[in-house]
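# Build me a model from this:
(chains A and B)
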2 protein chains.
Amino acid sequence: MRFELTPLGTGAALPARGRSPSAQVVNANEDLYLIDCGEGTQERLRMAGFNFQRIGHLFISHLHGDHYLGVMGLISTMHLLGRDRELHIHAPQELKAIIDIQLQASGTWLRYPLRFHPTRAESGALVWSDAHVQVTALALKHRLPTTGFLFRQQPAPRTLRKETVHLIPHFRRSAIKAGEDLVCYDGTVVPNADLTLDPPLPLSYAYCSDTAYNPDLVPHLNGVDVLYHEATFTEHLAPRARETMHSTARQAATIARDAGVGQLLLGHFSSRYKDVAQLLEEAVTIFPDTLTAEEGRTYNIGRPIVQNS
Amino acid sequence: MRFELTPLGTGAALPARGRSPSAQVVNANEDLYLIDCGEGTQERLRMAGFNFQRIGHLFISHLHGDHYLGVMGLISTMHLLGRDRELHIHAPQELKAIIDIQLQASGTWLRYPLRFHPTRAESGALVWSDAHVQVTALALKHRLPTTGFLFRQQPAPRTLRKETVHLIPHFRRSAIKAGEDLVCYDGTVVPNADLTLDPPLPLSYAYCSDTAYNPDLVPHLNGVDVLYHEATFTEHLAPRARETMHSTARQAATIARDAGVGQLLLGHFSSRYKDVAQLLEEAVTIFPDTLTAEEGRTYNIGRPIVQNS
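Sure, this is the predicted structure:
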């Protein structure tokens, strides 16, 4: 089961330093889920080689421009490319009117269905569930209502044990994989534990951007495999972080440590940092398994990630 | 008097082939006028080295996404950079609501005044006039109300003749430059023609994108120094051009020839053309002084332009 993350933008509100605004792709079994969509995201998707039509869902955290201004262009390009598959948008309610007014102004009747699902910034609220993933909301603390997203793989079916698989008639196999015991013709019961192995644990990925330091997130992030957390500033600018409702690298690492996550990916770097090494240095003193996200790199969730540079 | 054009995007609606959506900069005496502003224009402005705060005016031809989706990002970046100079936007009326709803959704109170001027797609209508340029509208024929823009330098003052400049008291010089005769203390009248030379003729630049073949434009384009005209298709796809209300390269060249313009710059190339040489070849058979616009190249209006490649 493929479960990968590709950050496409690690910059903050002011574009600079060659960093792009927020956007990232979760690939779950070749179905693509786009989280945030700053200006120019369609170009970055193309550069990274993603097939637009594989994107079934857009999740928008909040309505600051660096997180959503690429939505209209992407919707429009999907239309021009002849898409017929429906597209789901999970976003603050106001985005619907913003999209509608622009479709109307350009006289566009989309060729494909656009399904809009308003989000609630309430930790644990179900956002979406399908065969590959379950997505729940994380209540972030920012100047606008802002939702983080927790992606969890759906539990895989149990694996049949090689040594006993010959006992199970074909028509019973999915029931056994789902956890049932095997009842033989003579009434003998073979317990499921003798027939199957535990499946791999479902992996999880959490996206927390933009947010002030918010310890209320900790129980919801408990044990996630990879946490992407914004780190707009260093501690040196903690007052500025408080004022703008962003986090410092140290605060991001504190959340990661307290939630006992697998690895921490930092992003949403202020344009004032030419080199993000200082943000990384600050974080690793609190939570050693921290990396700075790299644009266009694909991370395999569940395998240990190593910093490239 | 500097009068330059820098196209930043020569692509059509579907982004591809490394071409960017429509946007170009007119530099008149170091004041910058931005015509159209597709997604990612702010990035291209930065790459081309333009100072955002020198941009006083945005002119938007119509509300197809490839001509305006970069407006919100640019407005927002100007705000984050601390702009206080007012910004004028000349565009179809509907753009105002599109901007307002997004400023409201993001809770942004701009630090600088935004002056919105609705355009009328009526050839000859005055759009803007200041110390450097006069801008008038060109009624284009497209699927939405679409306005082209004709930029004309303001007439320069007359030039004082070196051989008679000593006759003119300093306090009279601007009046003489404005065309008045010189009346001496003894009542003698020196006619202006003995004191001044004709100034250089004001240069002109016309932007026609997007538009179907529209011969009604010809009298309005009569003698302009440089005409940028869309050439989305070759003649081979003339039916598609008619249907989508775009022009072929041949049609663009016909307008240029009939209006007797100085030079023709082709742009707005369909993504189906990997190489735009075939569009150029088609146009030069009708109007030899044709070039294909290059993104990021600066053209000095009034000096003959040579094709680079």
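# quick one: residue A:5 is in a helix?
No - judged by DSSP: H, G, I helix; E, B strand; the rest coil, residue A:5 forms no part of a helix; its state is strand.
# Enumerate every residue touching it.
A:24, A:25, A:26, A:27, A:205, A:226, A:228, A:265, A:298, A:299, A:301 (CB atoms under 8 Å, 6 or more residues apart in numbering or on different chains). From N, CA and C alone the C-beta is placed, and that goes for glycine too.
# Which secondary structure state does the first one sit in?
Recorded secondary structure, residue A:24: strand (three-state DSSP).
# Quick check: the nearest residue to it once chain neighbours are set aside vs chain B, distance?
Nearest residue to residue A:24, sequence neighbours excluded (CB to CB, 6 or more residues apart in numbering or on different chains): residue A:7, at 4.5 Å. From residue A:7 across to chain B, the span is 18 Å (CB to the nearest CB, to the nearest Å).
# can you check residue A:240 too?
Distance from residue A:240 to chain B, counting by CB to the nearest CB: 14 Å.
# secondary structure element for that residue?
Using DSSP states H and E, residue A:240 falls within helix A:238-244.
# So which bits of that helix are buried?
A:241, A:244 (16 or more other CB atoms under 10 Å in any protein chain shown).
# Show the contacting residues for residue A:92.
Applying CB under 8 Å, 6+ apart, the residues near residue A:92 are A:60, A:62, A:63, A:118, A:119, A:144, A:145, A:147, B:105.
# Okay, and which of these map to helices?
Among these, the members falling in helices are residue B:105 (criterion: DSSP state H).
# ok, back up a step: tell me how many other residues crowd the residue nearest to residue A:24.
26 (other CB atoms under 10 Å in any protein chain shown).
# Test my guess that it contacts residue A:265.
Yes - using CB atoms under 8 Å, residue A:7 is in contact with residue A:265, at 7.4 Å.
# residues shared between the contacts of those two?
Common contacts of residue A:7 and residue A:265, defined by CB under 8 Å, 6+ apart, comprise A:228, A:293, A:299.
# Please enumerate the helices of the stretch 1-150 of chain A.
For the stretch 1-150 of chain A, applying DSSP state H, counting those that start in this stretch gives helices covering A:41-47, A:65-68, A:71-80, A:94-105.
# Now mean neighbour count, mean pLDDT and distance to chain B too, for those helices, in TSV please.
Shown next, in TSV, are the helices of the stretch 1-150 of chain A (neighbours: other CB atoms under 10 Å in any protein chain shown; pLDDT from 0 to 100; distance: least, CB to the nearest CB, whole Å):
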stretch	mean neighbour count	mean pLDDT	distance to chain B
helix A:41-47	21	96	6
helix A:65-68	28	98	5
helix A:71-80	22	97	4
helix A:94-105	18	98	4
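# Of all those, which one comes closest to residue A:19?
helix A:65-68 (10.3 Å; CB to CB).
# Name the surrounding residues that touch the closest one.
Contacting residues not belonging to helix A:65-68 are listed as A:11-13, A:15, A:21-22, A:36-39, A:60-62, A:91, A:95, A:209-210, B:72-73, B:76, B:102, B:106 [CB under 8 Å, 6+ apart].
# now with 6 Å?
Residues outside helix A:65-68 that contact it (CB atoms under 6 Å, 6 or more residues apart in numbering or on different chains) are A:13, A:21, A:22, A:36, A:37, A:38, A:60, A:61, B:72, B:73, B:76.
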